[in-house]
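Visitor: I'll drop the sequence and a predicted model, then ask my questions.
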Amino acid sequence: MINDNSEEILRYIENHWLSNDLVQDNSGFGIRNIILDLCKIPRSQGEPATATEEKSFLADRIRSGDGGVLRKSIMRIGRVSLPHNFIAPNPGYFAGTQFYWDSYFTILGLVTNGHVKLAKNMIDNLCFLFDKFGLVPARNSWTSVGRSQPPFLTSMAFEVFEHGGVDVAWMDYVMNIAQQEYERVWMSEPRYNHKSGLSQYNPKYFGKLLAVFESGWDLSSRYSGNARLLPVDLNCLIYKYESDFLKWAVYKNDKTKQLYWRAAMKRRKKLINDYFWDEKSGFYNDYNLKTNRLEKLKTLAGFYPLWCGVADQKQAGKCLKMLKAFEHAGGLATTVKMKPSHKQWDYPNGWAPLQLVVIEGLSRYGFEKDAERLTRKWLDCNQKVFAATATLWEKYDVVNCRVGLRGRYATQPDFSWTMAVFVRLQSRTEHKSPVPMAN
């Protein structure tokens, strides 16, 4: 173990969360106002800049290499105002943005540290977006309307409910939204594949890479040149919805719904094992609808069946043996060893959410020593890099225990889901109360 700076990191996380719960405001989001604000266009004797001055100044900034001005303008123009405050992925590149699947992992840290109301607010925002668009978009942006992200809404709701932050009426409301999402988004065309009875990310967007973006793994060799992929992790997440619907039906003592969701779970469990389990390698792989074969590339998505509980004990034991293909000094790489690429969801990068999925999956099947070892490796890597950079990063090179390799954009500092997973794993490992909230 490296020198323990965990308390310093926990204080850093609390300070970040207390200063970064951003309230959306769309006032002044016109192109003219955004350019004036971002470019700090000089005024003449207190008068507003003319259109010609604005155009000239912006063009000069872009020519000089300050393309970030243009990106920030576009991001702000397309933002959908949200009714409640929330934690953005980070205060820089992703400022003012609430992503769908990021929210789940961020919420895990928030409720662990007592910020249950803020966690509830983030779920309310996602429900607001569903009511507005008929799906939970990848983020609160008009550019994301029509595409979603990995669905975690029921898991978020139970986290808040079980931490005493909401009443039964609120849970009924969110579970109803989640069931609509289940039926209208993931169990309907174009995401539902009738032949297999399983689901995929929206295939009609693949030509523009938007299906990859919908997966959250943007970008990854997992999706290279493949428009017909059934993802194992997505179908495990849908199984988790079904198990959560059953859990809520049991809580409400609704016998009819209990029978329905038990049948749905049984059906999907069989399909997941029929389509994704590779007996030869002892692991779960994605399924290629075009070739009607399992994909060869091994990724951490293959551990989702352990996280959601769809694997049997024998299958889980075989998956355990696959850990050595992913495990390194700083934790788990997203894929098995491969030639480094510019795809940020490839080896040697490791991401906080996937570490947690694997660790919780192993723990579910009783592999506590392995879960503890991986927890310690990931936390040590975070602590080592924090000691050198004073921040927690979006992703890490787990082979060399350093900041993760960049992809289509630079690796981002001050990243909320990394913070949240650190809090969750630190609390799990030390079995201690969460760090007190700052005043």
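Guide: Great, that's in hand.

Visitor: where along the stretch 301-439 of the chain do the helices fall?
Guide: Listed in chain order, the helices of the stretch 301-439 of the chain (DSSP state H, counting those that start in this stretch) span 304-308, 313-321, 352-364, 368-389, 416-430.

Visitor: now these as TSV including distance to Lys298?
Guide: For glycine as for every other residue, the C-beta is placed from the backbone atoms N, C-alpha and C. Output for the helices of the stretch 301-439 of the chain, formatted as TSV (distance: least, C-beta to C-beta, whole Å):
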stretch	distance to Lys298
helix 304-308	13
helix 313-321	11
helix 352-364	13
helix 368-389	17
helix 416-430	22
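
Visitor: tell me the most buried of those helices?
Guide: helix 304-308 (a mean of 25; mean count of other C-beta atoms under 10 Å).

Visitor: contacts made by that helix with the rest, please.
Guide: The set of residues external to helix 304-308 that reach it, using C-beta atoms under 8 Å, 6 or more residues apart in numbering, is 232-233, 236-237, 239-240, 243, 272, 276, 284, 311, 315-316, 319, 357-358, 360-362, 364-365.

Visitor: export it to CSV, keeping only CA atoms.
Guide: Taking C-alpha atoms only, helix 304-308 is exported to CSV below (Å, rounded to 0.1, in the frame of the first residue of the first chain):
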residue,chain,number,x,y,z
TYR,A,304,-22.1,-7.8,-15.8
PRO,A,305,-23.8,-11.2,-15.5
LEU,A,306,-22.2,-11.5,-12.1
TRP,A,307,-23.2,-8.0,-11.1
CYS,A,308,-26.8,-8.6,-11.9
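
Visitor: any idea how far it is from the middle of the chain?
Guide: Distance of helix 304-308 from the chain centroid (C-alpha atoms, centre = their mean, to the nearest Å) equals 16 Å.

Visitor: likewise for stretch 258-268?
Guide: For stretch 258-268, the distance to the chain centre is 26 Å (C-alpha atoms, centre = their mean).

Visitor: so what touches it?
Guide: Contacts of stretch 258-268 (C-beta under 8 Å, 6+ apart): 197-198, 235, 238-239, 242-243, 245-246, 249-250, 310.

Visitor: wait, doesn't Lys337 sit right on Tyr347?
Guide: Yes. In this structure, Lys337 is within contact of Tyr347 by C-beta atoms under 8 Å, at 5.4 Å.

Visitor: which of these two has more residues huddled nearby?
Guide: Tyr347 (23 against 13; other C-beta atoms under 10 Å).

Visitor: pLDDT score for that one?
Guide: Tyr347 is assigned 96 on the pLDDT scale.

Visitor: show me what contacts it?
Guide: Tyr347 makes contacts with 333-338, 340, 399, as judged by C-beta under 8 Å, 6+ apart.

Visitor: pick the one among the contacts of stretch 258-268 closest to Ala95.
Guide: Among the contacts of stretch 258-268, Ile238 lies closest to Ala95 (C-beta to C-beta), at 31.5 Å.

Visitor: what sits against that closest one?
Guide: Applying C-beta under 8 Å, 6+ apart to Ile238 gives the contacts 151, 182, 186-187, 199, 268.

Visitor: I'd like the distance between it and Leu129.
Guide: According to C-beta to C-beta, to the nearest Å, Ile238 stands 19 Å off from Leu129.

Visitor: could you dump the contacts of Tyr347 to a markdown table with pLDDT?
Guide: As requested, the contacts of Tyr347 are arranged in a markdown table below (pLDDT from 0 to 100):
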| residue | pLDDT |
| --- | --- |
| Ala333 | 98 |
| Thr334 | 98 |
| Thr335 | 97 |
| Val336 | 97 |
| Lys337 | 95 |
| Met338 | 92 |
| Pro340 | 77 |
| Val399 | 97 |
